[in-house]
Every structure is written in structure tokens, then in C-alpha cells.
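>>> Sequence and predicted structure, then a few things I'm wondering about:
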Amino acid sequence: MKTRVVLLSAAFVAAGLFFATFPVEYGFESRSRIVQLVKPSKESNLFGEEGERIGSPQRMVILDARAFMSNSPVTGAWTVDDNYLKANGIYPLQLQSVKAVTGVARIGFVAFILVSLTLLALIKRKSRIRP
Amino acid sequence: MQLNLKFHSLSLIVLLGLSVLSSAQSKKFVIGSGSPAQQLAQFESRTELETFTGRTEKVSGWINFDPAKKTGSGKIIVDVASISTGISLRDDHLRSPGWLDSAKFPTLVFQSTSTKSMGSGKYKVTGQITIKGVTKTVSANATLRHLVAGEKTKAAGFEGDVLQVRATFPIKLSDFGIKISGPATGKVSNTVDVTVTVYGQTGK
């Protein structure tokens, strides 16, 4: 009886955590922006550029407003000062990483729920068979 | 006989003059002779889990460029040990024998073999790239921008004419004997985009 309660409780907790991943992911997504990291340099300025682009545009969560180089997106992406991020030890969180982690967590929770329910069914069946 | 000798001497002078004139139009731009911040070599790996870049400012080499004929050639050398991805543990892996093996192969070298102008400062550059002792032929889309020496170039810290070169090309890590295995599986893509931005200067 005690094992059944523990298994059922664990399955409920896992179900709760499974559903909690959705608002967590949404929370990160709503705060993310398509960002282009730019390394400002006087050499780039010489050729009329604001800096050297680092990688391709990515959806990232950057909460420090001072990191942004412009007040609006430039050609679809917000330019972010890479020198500022480095100087302040900021390693931006990528939305694709958040989605990958929440995706794996969901699979884990579903697997845990299935295992718990299977064990519950087996225990129930065993107790019925027992005279 | 004397007339024939004079004709030959004159031909030689004309040929020498033409060769001097031709080399005078092509300028040699040295890369890596100024501030390290002027150079940047980077690669980008894209997977479902994450996208990351590795980069270094330790880039050297030279480019011969003829602004009038829009032709050129060059060699770019990238220091492998200084490539940084922003995470020190990942950098250590990158430098290890299973990956770029910076102790045994300290540089990544690109040597151009042909350059074709596509107009508007755009070029198709083909050359040989050597990574980890393996040489492969790659084609890069490049942009070349030339500035004649002046107050602006001097203020930016350059000596002489300045050439900005930006080239991008994809490389397959497996082509260079780099296998993605173990914990790196799914975190590093087999094909990475390499972008090199260098500033060459002719000097005084």
C-alpha cells in the first residue's frame, strides 16, 4: 500500500513537472530576441561598418539592456556589443538550448510516469493473484 | 651584328620596364603586422542543442592584390592554440589530439590558387586549406575592400594602403580526420562555417 502511494505521488509530481516545462520555456521565449553579436573595432569603422559580426543571428536571452548597440533591430536582428558581454562575463543563453533541455526533460518525465504506472499495475496485479 | 645587339638590349630594357610596371600595380599587403585586434578568424558550429563560435585574433600572412586588374593571391595562417569558444573546458577539448591537436599542428593554413572577380568587390577564391596535416581544396566567397593610405587609415592605426578581406567557406571536420564522438555528439556539427576577416597593410 505504501509503495503504491509513493509511486502514484511520484507520477503526479512528474506530471506536474512535465506541464511546468511549458510556462518555463514560454518565459524564456518571450524574453528572447534575435541577436547578432558584433565586435566593434576602429578597423571596421574605417570601412563604414560598426564592427565584425560574430557568428550568425541567434535567438538569445540577454537581459542587460546596455549590451544592445541599437534601439531597434538592424536587418531583422538586434546588434549586441560582444566586447561588452566579454567585459562583464555575460554568456548569453540561447533559446535553442532551453528548448533542447526542456524537450529532454519532457521525455524524461513521460518515461518516469509510464514506468511508475506500469509498476503500479504490476503491484496491483500481484496483490490480486496473491490468495 | 652591332645593330642586332642594340636591338636585343632595347628589348631587354622594355621587358624589364614592363615587369617593373606590372609588379608596381600589384601591392603586397601584410597581415598580422599591426594590432592583433585587426584580425579575426572564426568558425561556427550549429546543432539542435546549441550554436557556438570559436575564434582567434592571431592571424598572419600576406595578400598580393592588384586593384586595377582585380586579381590577387595570398596566404593566411591561423594560430590554432589561441582559438577560444568562450568555455575553457571546450577549448581544452578543441586543442586535444582528438580534435585540432594544436601541439602537433599549431597552425591552420590557407593558400590561394585562383581568384575570380564577381564584381562589386566580391570574389570567388579557391585555394588549399591545411588542417591537422590534411590538405583539401576549398572555394570561398570573399569580399575585398581597398583603401589608399591617408589620414583616416593612419588614424585607424594602419601604415600605407589597407585591404580588408572577408572570406567565408564551409569545411567538413571529418575530411580532416576529426571525428565527433562521446560527449561532443550532438553538440558539435560536422560541417562548420569558417569566416576570416583580415586587414592587410602595405607599410610605409
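Yes, it's here.

>>> So which residues of chain B form helices?
Under the criterion DSSP state H, chain B contains helices at B:2-25, B:88-95, B:151-155.

>>> same question for the shortest one, mean pLDDT?
Averaged across helix B:151-155, pLDDT comes to 91.

>>> and the gap between the residue nearest to A:Met69 when sequence neighbours are not counted and chain B?
Leaving aside its sequence neighbours, A:Met69 sits nearest to A:Thr79 (Cβ to Cβ, 6 or more residues apart in numbering or on different chains; 4.3 Å). All C-beta spots, glycine's among them, are computed from the backbone N, C-alpha and C. Counting by Cβ to the nearest Cβ, to the nearest Å, the gap from A:Thr79 to chain B is 16 Å.

>>> A:Thr79 sits in which helix or strand?
Using DSSP states H and E, A:Thr79 maps to strand A:78-81.

>>> Repeat that for A:Gly103.
Element membership for A:Gly103, per DSSP H and E: helix A:95-129.

>>> What helices and strands are in contact with that helix?
helix A:2-31, strand A:52-61 (3 or more Cβ pairs under 8 Å, 6 or more residues apart in numbering or on different chains; DSSP states H and E).

>>> Kindly recompute the last result at 6 Å.
With contacts defined as 3 or more Cβ pairs under 6 Å, 6 or more residues apart in numbering or on different chains; DSSP states H and E, the packing partners of helix A:95-129 are helix A:2-31.

>>> Based on its surroundings, how many neighbours for A:Asn71?
Look at A:Asn71: counted by other Cβ atoms under 10 Å in any protein chain shown, it has 7 neighbours.

>>> helix, strand or coil for it?
coil (DSSP: H, G, I helix; E, B strand; the rest coil).

>>> Where in chain A is the helix or strand with the lowest mean pLDDT?
Here the helix or strand of chain A ranked lowest by mean pLDDT, DSSP states H and E is helix A:42-46, holding a mean of 90.

>>> let me redo that: chain B
Going by mean pLDDT, DSSP H and E, chain B bottoms out at helix B:2-25, a mean of 52.

>>> Next one: B:Gln164 from B:Gly72, what distance?
Distance, B:Gln164 to B:Gly72, by Cβ to Cβ, to the nearest Å: 13 Å.

>>> need the contact list for the most centrally placed residue in chain B.
Per Cα atoms, centre = their mean, the C-alpha nearest to the average position across chain B is that of B:Ile76, at 3.5 Å. For B:Ile76, the contact set (Cβ atoms under 6 Å, 6 or more residues apart in numbering or on different chains) comprises B:61, B:110.

>>> let's go with 8 Å and repeat that
B:Ile76 makes contacts with B:31, B:41, B:59-61, B:109-110, B:196, B:198, as judged by Cβ atoms under 8 Å, 6 or more residues apart in numbering or on different chains.

>>> which parts of chain B sit against chain A?
B:35, B:37-38, B:40, B:42, B:44, B:46, B:48-53, B:55, B:86-87, B:145, B:147, B:152-153, B:156-158, B:162, B:164, B:193, B:197, B:199 (Cβ under 8 Å from any Cβ of the partner chain).

>>> Can you tell me which of these end up in strands?
B:40, B:42, B:44, B:46, B:51-53, B:55, B:145, B:147, B:162, B:164, B:193, B:197, B:199 (DSSP state E).

>>> Of these, which is the most crowded?
Counting neighbours by other Cβ under 10 Å, B:Tyr199 leads these with 30 neighbours.

>>> isn't that one right next to B:Val162, touching?
Yes - between B:Tyr199 and B:Val162 there is a contact under Cβ atoms under 8 Å: 6.1 Å.

>>> Show the low-confidence segments of the chain, by residue range.
All of this is about chain A. A:130-131 (pLDDT under 70).

>>> that's the wrong chain, I meant chain B
Within chain B, the ranges that satisfy pLDDT under 70 run B:1-24, B:34-37.

>>> Spatially central residue for chain A, please.
Short answer for chain A (Cα atoms, centre = their mean): A:Val98, at 1.4 Å.

>>> which helices and strands does the least confident helix or strand of chain A pack with?
Against helix A:42-46 (3+ Cβ pairs under 8 Å, 6+ apart) you get strand B:162-172.

>>> Thank you kindly, that will do.
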